[in-house]
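# The sequence isn't on hand, but the structure is:
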């Protein structure tokens, strides 16, 4: 059964400028589809009442960097500027505020830090991200461009700039920016899917019905392909235990201003992949589905560090064996850690999840501790002997 909810994209007025219209009509519109299209794949067995989600392991995801983990944020040392304690304190305040979606506070702290250290180029990127969340797109774009003057081939910043331009309605500029990413890294999936999404935005301005129809079809085909990849990788018995779970594209919850890539909602028997991934390569979508199946396969309202480690391990092993050279920043980062050592990936997962929730349990049903497991990186957090915490949404 297929269920599709569709809505039309509103086009900015500036799009209708004659010059823009002439330019945009030249853009190839062959691959696109429907905003907020939801494709549900229905199955057959009851699973439980909890929500799970997967976010960013890197510490830096599009439009958000949790600098409590700043060793993994992409900052080139020569761009970091001065080292005054006051400046570092203001940056930390800004990072904490951004992680809590307090964008005005984050902007105030970053601005103070920039006044203290005007040569800190990385602050342009931070301010640009906050201004994006505040929907001050012109200011955001200006700050991204200032950063790129010093680091013109920074793929993360270029893709973020392209998204700002897309949100502004500067669709031709956005396509050009995303294409510049592909000149640097030809298999960058984020740039590829952003181009297809932008072309669908363009089509929606002229023919919203057709844009909606094409995006819905893209969602259906892509999710089917991803499900087939995941099912082929997992065992038939494993998949049978997921037979009642619905799988769809849709809106996901946010953390640190950034939507979750995927989440499991047990109360709805549903795995939801962010609809920003409708145009992603099916291999990318499949990796996140594999992660969520670990949560969906359990039959309790709990999660734990060990459960998240198991989910990341399975998804990362899938990605290593099936990525086919596709570049996805989140999965590539997990794979890099895993290849160095599976324990390094496990340690990073523990670090992230304990920082997000100091009360998270070490283990949960179906996810027992490993034999001879080394002492936890965070020995003070909740032990397995304590009562388990029930979650509505789990990151």
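Thanks, I have it. On a predicted model such as this, the values are computed, not experimentally measured, just so you know. Residues are numbered from 1 along each chain as shown.
# Residue 172 versus residue 207, what's the distance?
Distance, residue 207 to residue 172, by CB to CB, to the nearest Å: 18 Å. Just so you know, the C-beta spots here come from the backbone N, C-alpha and C atoms, and that holds for glycine as well.
# Between those two, which is the more surrounded one?
residue 172 (17 against 13; other CB atoms under 10 Å).
# For that one, identify the helix or strand it belongs to.
Residue 172 belongs to helix 171-184 when assigned by DSSP states H and E.
# Give the next helix or strand downstream of that helix.
helix 189-206.
# Okay, buried residues for that following helix please.
189-205 (16 or more other CB atoms under 10 Å).
# what angle separates that helix from helix 171-184?
Counting by axes from the mean of the first three to the mean of the last three CA atoms, to 10 degrees, helix 189-206 lies at 160 degrees to helix 171-184.
# Helix 189-206 packs against which elements?
On a contact count with 3 or more CB pairs under 8 Å, 6 or more residues apart in numbering; DSSP states H and E, helix 189-206 meets helix 155-168, helix 171-184, helix 208-233.
# Tell me how far it lies from the chain's centre.
Chain-centre distance of helix 189-206: 18 Å, with CA atoms, centre = their mean, to the nearest Å.
# What angle do helix 208-233 and that helix make with each other?
Using the same axes, to 10 degrees: helix 189-206 against helix 208-233 is 150 degrees.
# how big is the angle separating helix 189-206 from helix 155-168?
Orientation check (the same axes, to 10 degrees): helix 189-206 against helix 155-168 gives 10 degrees.
# if we can go back for a sec, can you redo the helices and strands packed on helix 189-206 as CSV, where the extra columns are distance to residue 367 and mean pLDDT?
Shown next, in CSV, are the helices and strands packed on helix 189-206 (distance: least, CB to CB, whole Å; pLDDT from 0 to 100):
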stretch, distance to residue 367, mean pLDDT
helix 155-168, 33, 97
helix 171-184, 38, 97
helix 208-233, 20, 96
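# nearest residue to residue 323 other than its sequence neighbours?
residue 283 (5.8 Å; CB to CB, 6 or more residues apart in numbering).
# Any idea how far the host helix or strand of the one you found is from the middle of the chain?
For residue 283, the element it lies in under DSSP H and E is helix 282-297. Remark: helix 282-297 is offset 14 Å from the chain centroid, using CA atoms, centre = their mean.
# Check which element follows that helix along the chain.
Helix 282-297 is succeeded, C-terminally, by helix 305-322 (DSSP H and E).
# What helices and strands are in contact with that next one?
Applying 3+ CB pairs under 8 Å, 6+ apart, we find helix 305-322 packed against helix 208-233, helix 282-297, helix 329-340, helix 342-356.
# Packing partners of the shortest one?
In terms of contacts (3+ CB pairs under 8 Å, 6+ apart), helix 329-340 is packed against helix 305-322, helix 342-356.
# okay, the ones you listed, which one's buried deepest?
Mean neighbours per residue, mean count of other CB atoms under 10 Å, is largest over the helices and strands packed on helix 329-340 for helix 305-322, with a mean of 22.
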